[in-house]
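1. everything below, folded, please.
(2 chains)
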Amino acid sequence: MALKVYSTLSGQKEEFKPFSEEQVTMYVCGPTVYDSSHIGHAMSAVVFDVIRRYLEFQGYKVRHAMNFTDVDDKIINRANKEEVDWHTLTEKYINEFLEGIDALNVQRASVYPRATEEIGNIIAAVAELVEKGAAYPVEGDVYYRISAAQEYGALKHQSLEDLRAGERVEVDSRKENALDFALWKAAKPGEPSWESPWGLGRPGWHIECSAMALRHLGARLDIHGGGADLIFPHHSNEIAQSESLTGARPFVKYWLHNGLLQFGSDKMSKSLKNFVTIQEILKMGDPDNLRMFVLNSVYRNPLNYSPENFEAAGRGLQRLKAVFDPTQQWGDPTATQGNPEANQTLQQEIESVRPDFIEAMDDDFNSPQAMACLFDLVKEIHKGRDAGASPALLHLARETLAELGGVLGLRLKEVNHATGPTDCGPFINLLISTRRELRAVKQFALADKIRQNLKELGVTLEDRADGTSWKFEK
RNA sequence: GGCGACGUAGCCAAGUGGUAAGGCAGAGGUCUGCAAAACCUUUAUGCGGCGGUUCGAAUCCGCCCGUCGCCUCCA
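-> Okay, here's the model as predicted:
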């Protein structure tokens, strides 16, 4: 049993063996902060959060860096359009993004470097590439010389000839090769810029990641992640420039790419304006709903967002969380008395669920398979309760569920109050006790009316043998 | 046009050679005053189509159809 991960570079699942057994380094490309981040960005953050959590569960220490691209054309344009300072704009969207992923229970990265805070390193990197002959300056711009790269198309599994074949972009005639890309861009009047050996300018998009990864994680990374749309050109360029810079190959041991979130017939994208923001999805209810939605399919495949699919995932989440409904009685967790058969069945499930879960996750983080393990456990917990399994065993089973769910970042024990106010409990309890008295004297019409009216207010009552529970429900 | 993926039930979605996980929705039942929840039973002789390889294919090969991504800023 060993963890296998699918690397885009090799195109197959490989046994996971980090450079160091002590610490895994993981660099994940973050957003360009010119607008609110959408749930596609959140999906990527959740995917790599699950990967990180699983590595930590397996005993690795993970050093995790996620960058913010905080200077580029779109940021400049947006700032001009809104007549705000570009720095104010990026600060706003960085904070919004961090608030969003906090709410989604994404663990904070070890470090969040920003392009504009790494200018010195970036200039040094570009200068070194020029010195080594892997880059050339042209009128204040600096381009990477693609001919200096080894196996340039390897990540995309495409030859240089094929890459050139479909070239539809207008080629800058000053470039030696159409595929050469900008490391440094000369500033136009009014743009944010920094002094450099080539005059005032700013970094190109790709070099920032190489410089930041090198500084914060070292010359070689275990894992480099991002959305599948970054494979080319961004990550291909990163490989080229990083390897030219450090001479260390491969730059990255495992390239992990998440499939893109589809919305309708296209990928969700800021430029296509067909997106749902993280903040919008958080308003829809339980923040773990999005995580559940993401976990429901393998991370490498595209995921199609629709309100219906999203809600279906939410109902599955409710099923898991119902096991931790605080209004239900599970008995004294130290009581070991119970029906022997029920105990044996539940005991077996508790013993088998963990290895099954690990086997699923070891197979390139197969979260749907892992979720199936959790649902099986839920089923056995309910069965065990109905069949009279001991409270101690039920407690152990529930703790196992919470723990394994936690490995995936699900907060199963947390009661979600997002859909209702938190201070109306005493009033609802008063209505419940009144209703109990009505039911005792068989005034069912009135009792049902109370239940129905509460339901319309978003409060669901459930009558059980041991009393009535309530919860917020949309 | 080139390259890379994908197409599994009403919906979402695992499964890469040995006879179709799981979730949502639906149906019947148990429980309940009723409802909900939970539990039980049930819902693909078939995995886009047509051929081929094999004792055996959703899984391998070929062709076709359809969808998506990348080739341009993108998680």
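
2. CA atoms for contacts and neighbours, from now on please.
-> Will do.

3. report the contact partners of the residue lying closest to A:Leu408 once chain neighbours are set aside.
-> The shortest distance from A:Leu408 to any residue that is not its chain neighbour, by CA to CA, 6 or more residues apart in numbering, is 5.3 Å, and that residue is A:Val50. The neighbourhood of A:Val50, defined by CA atoms under 8 Å, 6 or more residues apart in numbering, consists of A:Val407, A:Leu408, A:Gly409.

4. tally of neighbours for the last one?
-> Counted with other CA atoms under 10 Å, residues neighbouring A:Gly409 total 23.

5. ok, it to A:Glu341 distance?
-> Applying CA to CA, to the nearest Å, one obtains 33 Å for the distance of A:Gly409 from A:Glu341.

6. buried sites along stretch A:393-413?
-> For stretch A:393-413, a neighbour-count test (16 or more other CA atoms under 10 Å) marks A:393-398, A:400-413 as buried.

7. please see if stretch A:425-437 touches RNA strand B.
-> No: shown here: stretch A:425-437 not in contact with RNA strand B (CA under 7 Å from any atom of the strand), separated by at least 8.3 Å.

8. what average pLDDT does that stretch get?
-> Across stretch A:425-437, pLDDT averages out at 90.

9. what of stretch A:382-400?
-> 93.

10. need the contact list for A:Ser7.
-> A:Lys13, A:Glu14, A:Tyr254, A:Trp255, A:Leu256.

11. tell me what it is bridged to.
-> Listed by DSSP bridges, the beta-bridge partners for A:Ser7 are A:Gln12.

12. return the distance of it relative to A:Met361.
-> When CA to CA is the yardstick, A:Ser7 and A:Met361 sit 15 Å from each other.

13. what ranges do the helices span in the stretch 251-400 of chain A?
-> Applying DSSP state H, counting those that start in this stretch to the stretch 251-400 of chain A gives helices spanning A:278-282, A:288-295, A:307-321, A:340-362, A:367-387, A:391-407.

14. can you name the residues in contact with the shortest one?
-> Applying CA under 8 Å, 6+ apart, the external contacts of helix A:278-282 come out as A:Ser36, A:Ser37, A:His38, A:Ile39, A:Ala42, A:Phe97, A:Gly100, A:Ala103, A:Pro287, A:Leu290.

15. which parts of the stretch 101-250 of chain A are helices?
-> A:119-131, A:160-165, A:205-217, A:236-246.

16. check which residues of stretch A:301-320 are buried.
-> Of the residues in stretch A:301-320, A:Leu303, A:Asn304, A:Tyr305, A:Phe310, A:Glu311, A:Ala313, A:Gly314, A:Gly316, A:Leu317, A:Gln318, A:Leu320 count as buried by neighbour count, 16+ other CA under 10 Å.

17. would you mind confirming that A:Val298 makes contact with A:Ser367?
-> Yes: applying CA atoms under 8 Å, one finds A:Val298 in contact with A:Ser367, separated by 6.1 Å.

18. who has more neighbours, the two?
-> Between A:Val298 and A:Ser367, counting by other CA under 10 Å, A:Ser367 is the more crowded of the two (25 against 18).

19. ok, and the closest non-adjacent residue to that one?
-> Distance criterion CA to CA, 6+ apart; nearest residue to A:Ser367, sequence neighbours excluded, is A:Leu295 at 5.4 Å.

20. alpha carbons of the host helix or strand of A:Ile428, in PDB - could you do that?
-> Taking DSSP states H and E as the criterion, A:Ile428 maps to helix A:425-440. The C-alpha coordinates for helix A:425-440 follow below in PDB (Å, rounded to 0.1, in the frame of the first residue of the first chain):
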ATOM      1  CA  GLY A 425     -33.400  28.300  20.400                       C
ATOM      2  CA  PRO A 426     -35.300  29.000  23.600                       C
ATOM      3  CA  PHE A 427     -38.300  30.200  21.600                       C
ATOM      4  CA  ILE A 428     -38.300  27.200  19.400                       C
ATOM      5  CA  ASN A 429     -38.000  24.900  22.500                       C
ATOM      6  CA  LEU A 430     -41.000  26.700  24.000                       C
ATOM      7  CA  LEU A 431     -43.100  26.000  20.900                       C
ATOM      8  CA  ILE A 432     -41.900  22.400  21.000                       C
ATOM      9  CA  SER A 433     -43.000  21.900  24.600                       C
ATOM     10  CA  THR A 434     -46.300  23.600  23.900                       C
ATOM     11  CA  ARG A 435     -46.800  21.300  20.900                       C
ATOM     12  CA  ARG A 436     -45.900  18.300  23.000                       C
ATOM     13  CA  GLU A 437     -48.800  19.100  25.400                       C
ATOM     14  CA  LEU A 438     -51.100  19.500  22.400                       C
ATOM     15  CA  ARG A 439     -50.100  16.100  21.100                       C
ATOM     16  CA  ALA A 440     -50.600  14.600  24.500                       C
END
